[in-house]
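Trainee: the following comprises the amino acid sequence and a computationally predicted model.
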Amino acid sequence: MDTTERTTCCVVGGGPAGMVLGLLLARAGVEVTVLEKHGDFLRDFRGDTVHPSTLALLDRLGLAERFARLPQRRVTTVRLPLGRDHSLVTVADLGALREPYNYIAMVPQRDLLTLLADEARPEPTFTLRMSTEATSFLVERGRVTGVRYRTSDGRTGELRATLTVACDGRGSSARALPELRPRRFTCPMDAWWFRLPRHEGDPSGLVGGAGDRFLAVMIDRGEYWQCSALIPKGSDGLRRAAGLGRFMAEFTAAVPWLADRAHALRSWDEVKLLDVRLDRLRRWHRPGLLCVGDAAHAMSPVFGIGVNLAVEDAVAAARHLVGPLREGVVGLRDVRAVQRRRWPTTALTQTLQRIAHARVIGPALAGQPPFGDPGRARRITGLLTTSPWLNRVPAYFFAYGAVRERPPAASVR
Ligand SMILES: Cc1cc2nc3c(=O)[nH]c(=O)nc-3n(C[C@H](O)[C@H](O)[C@H](O)COP(=O)(O)OP(=O)(O)OC[C@H]3O[C@@H](n4cnc5c(N)ncnc54)[C@H](O)[C@@H]3O)c2cc1C
């Protein structure tokens with residue numbers, strides 16, 4: 001039998017955006033319920049990069065010490081395959097920034113989400129419901145008034161709320177609403193995602209390589225390498241048909257220090273295909289509903305910046321909405337203010353990702369030089385590597401984004 005409950009803010013999705021929003025609102029005394037369809041935070045293919053803006057946020061929230069205790073690797077440079085034979089060139093040296101957090105922390109996302117959940121749970125106004133999937137929106141006189149949900153053991157119910165925030169990622173159910181259709185941008189690649197064992201003496205951090213029509217990125221997760229191969233979009237079937245042995249031979253030719261474990265991957269079942277998408281909603285809201293994070297703008301893995309952006313959206317949303325939520329009335333003006341605040345930085349980031357797709361990754365996957373001309377690529381990389389002040393601009397952007405968001409004062413501890 002359906003149950004009907006009420007909360008002030010219903011957050012759909014317990015990813016980085018949803019968990020940060022839940023924590024900030026709960027600390028500010030707003031009643032908030034986060035619905036997460038999975039039973040745990042263990043997801044293989046999620047961004048593991050925690051950028052300086054998120055590190056600074058955790059610090060302001062009093063979580064810096066707990067975060068520092070999580071197993072992590074630190075990365076200070078962002079590199080793109082702009083060099084000769086697509087070798088990686090440093091385009092941003094975060095280590096040169098004069099900021100307290102001048103590195104990217106590589107932390108399994110489940111650890112970050114668990115930390116946020118553990119911190120939020122003791123708050124009396126916070127509820128996290130795992131294994132609970134929002135199945136549709138409740139709409140009354142054009143206003144979203146909450147969601148219908150289903151739990152993994154088959155129970156169903158309605159959760160009514162003053163405001164519903166969709167933090168359910170790029171497959172968000174909010175995107176089915178007629179006013180919230182995304183504008184899509186072309187992406188030249190998909191990603192294969194698999195693990196290889198990590199050995200003593202391997203490099204650490206984030207390591208890249210380039211092969212024949214694919215790019216390799218390896219994330220150091222301590223005991224194993226989370227490997228990604230960027231392949232031309234739509235080429236999954238054809239490449240699989242050519243055989244796993246052939247792919248591993250090509251892969252280890254591009255990343256020779258992994259050659260001794262080429263046989264660790266035994267079947268294609270261990271290689272997951274991730275459809276890379278880049279899009280954004282024209283409108284992130286309608287009465288009673290706001291979309292943030294990937295639900296509002298699906299990010300490409302380029303620059304590993306999507307988690308960061310999702311967290312910053314959540315911080316801006318909390319800052320704008322704590323007041324109206326406390327008063328129990330959230331108008332269109334309030335949700336519009338969140339989009340207005342976050343749209344420019346989202347559009348700028350996606351524009352840079354589109355440039356990287358079109359000028360660097362697309363050509364690399366087609367076996368061509370970046371920027372279509374080796375001379376131009378050399379001049380650009382020369383400029384970035386020889387003028388530290390020029391390098392500091394992308395470094396600051398990767399680290400903190402175009403605008404820095406501050407959490408509501410009531411959430412800071
Ligand atoms: C191949 C690939 C690699 C990437 N690598 C990086 C990287 O290294 N660094 C980086 O910063 N970004 C990376 N990104 C982008 C990054 O993963 C996203 O931008 C980021 O996860 C968005 O966070 P979010 O909280 O908005 O959404 P998500 O992380 O997608 O979280 C959404 C949550 O909602 C839950 N959910 C979905 N539907 C429902 C429902 N109906 N009811 C309840 N719960 C629901 C999901 O289970 C999930 O927990 C990568 C993207 C891709 C495709």
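Mentor: Thanks, I have the structure now. Numbering: from 1, shown residues only.
Trainee: where along the stretch 201-350 of the chain do the strands fall?
Mentor: 206-211, 214-220, 224-232, 272-274, 278-281, 285-286, 289-291 (DSSP state E, counting those that start in this stretch).
Trainee: in TSV: those, plus mean neighbour count, distance to the ligand and mean pLDDT.
Mentor: Any C-beta I mention is one placed from the backbone N, CA and C, and that applies to glycine too. Output for the strands of the stretch 201-350 of the chain, formatted as TSV (neighbours: other CB atoms under 10 Å; distance: least, CB to the nearest ligand atom, whole Å; pLDDT from 0 to 100):
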stretch	mean neighbour count	distance to the ligand	mean pLDDT
strand 206-211	20	9	81
strand 214-220	22	7	86
strand 224-232	21	6	92
strand 272-274	14	4	92
strand 278-281	20	10	97
strand 285-286	23	15	96
strand 289-291	29	9	98
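Trainee: near the ligand, which residues of the stretch 1-150 of the chain are found?
Mentor: With CB under 6 Å from any ligand atom as the criterion, the stretch 1-150 of the chain meets the ligand at residues 12-18, 35-38, 45-49, 133-134.
Trainee: mind checking which of those residues land in strands?
Mentor: Counted as lying in strands by DSSP state E, out of these, are V12, L35, T49, E133, A134.
Trainee: now, of those residues, which are buried?
Mentor: Neighbour-count burial (16 or more other CB atoms under 10 Å) is assigned, among those, to V12, L35, T49, E133, A134.
Trainee: in the sheet, who's paired with the last one?
Mentor: Partner residues in beta bridges with A134: Y149, with DSSP bridges as the criterion.
Trainee: against V147, how distant is it?
Mentor: According to CB to CB, to the nearest Å, A134 and V147 sit 4 Å apart.
Trainee: shared neighbours of these two, anything?
Mentor: Taking CB atoms under 8 Å, 6 or more residues apart in numbering as the criterion, A134 and V147 both touch C10, V12, L35.
Trainee: of these, closest to G169?
Mentor: V12 (9.7 Å; CB to CB).
Trainee: can you turn the buried part of the residues of the stretch 1-150 of the chain next to the ligand into a ChimeraX selection?
Mentor: Here is the ChimeraX selection string for the buried members of those, based on 16+ other CB under 10 Å:
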select :12,13,14,15,16,17,18,35,36,37,46,47,48,49,133,134
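Trainee: need the strands for the stretch 51-200 of the chain, in chain order.
Mentor: With DSSP E, counting those that start in this stretch as the criterion, the stretch 51-200 of the chain has strands spanning 73-75, 77-80, 89-93, 104-106, 126-129, 132-140, 143-151, 156-166, 182-185, 189-197.
Trainee: lowest-confidence stretch among these?
Mentor: Sorting the strands of the stretch 51-200 of the chain by mean pLDDT places strand 77-80 lowest, at a mean of 72.
Trainee: out of everything not next to it in sequence, what's closest to whatever residue of the stretch 301-413 of the chain ends up closest to the ligand?
Mentor: Closest to the ligand within the stretch 301-413 of the chain is G306: 2.1 Å, counting by CB to the nearest ligand atom. Nearest non-adjacent residue to G306, counting by CB to CB, 6 or more residues apart in numbering: M299, 3.3 Å away.
Trainee: now the strands of the stretch 201-350 of the chain as JSON lines including distance to Y396?
Mentor: Shown next, in JSON lines, are the strands of the stretch 201-350 of the chain (distance: least, CB to CB, whole Å):
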{"stretch": "strand 206-211", "distance to Y396": "19"}
{"stretch": "strand 214-220", "distance to Y396": "23"}
{"stretch": "strand 224-232", "distance to Y396": "26"}
{"stretch": "strand 272-274", "distance to Y396": "29"}
{"stretch": "strand 278-281", "distance to Y396": "23"}
{"stretch": "strand 285-286", "distance to Y396": "30"}
{"stretch": "strand 289-291", "distance to Y396": "27"}
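Trainee: which of those sits closest to R170?
Mentor: The minimum distance between R170 and the strands of the stretch 201-350 of the chain falls on strand 278-281, with 7.5 Å, by CB to CB.
Trainee: strand partners of the closest one, parallel vs antiparallel please.
Mentor: Strand 278-281 has these strand partners (DSSP bridges): strand 182-185 (antiparallel).
Trainee: buried residues, the strand it pairs with. List them.
Mentor: Residues of strand 182-185 classed as buried by neighbour count (16+ other CB under 10 Å): P182, F185.
Trainee: and Y396, helix, strand or coil?
Mentor: Under DSSP: H, G, I helix; E, B strand; the rest coil, the three-state class of Y396 is helix.
Trainee: next, count neighbours for it.
Mentor: For Y396, the count of nearby residues is 18 (other CB atoms under 10 Å).
Trainee: with R333 instead?
Mentor: When counting by other CB under 10 Å, one arrives at 10 neighbours for R333.
Trainee: need the pLDDT of it.
Mentor: Looking at R333, its pLDDT reads 96.
Trainee: next one: it from H285, what distance?
Mentor: Using CB to CB, we find R333 at a distance of 10 Å from H285.
Trainee: the biggest helix by length in the chain - contacts with which helices or strands?
Mentor: For the chain, the helix reaching the highest residue count under DSSP state H is reported as helix 332-356. With contacts defined as 3 or more CB pairs under 8 Å, 6 or more residues apart in numbering; DSSP states H and E, helix 332-356 has these neighbours: strand 278-281, strand 285-286, strand 289-291, helix 306-327.
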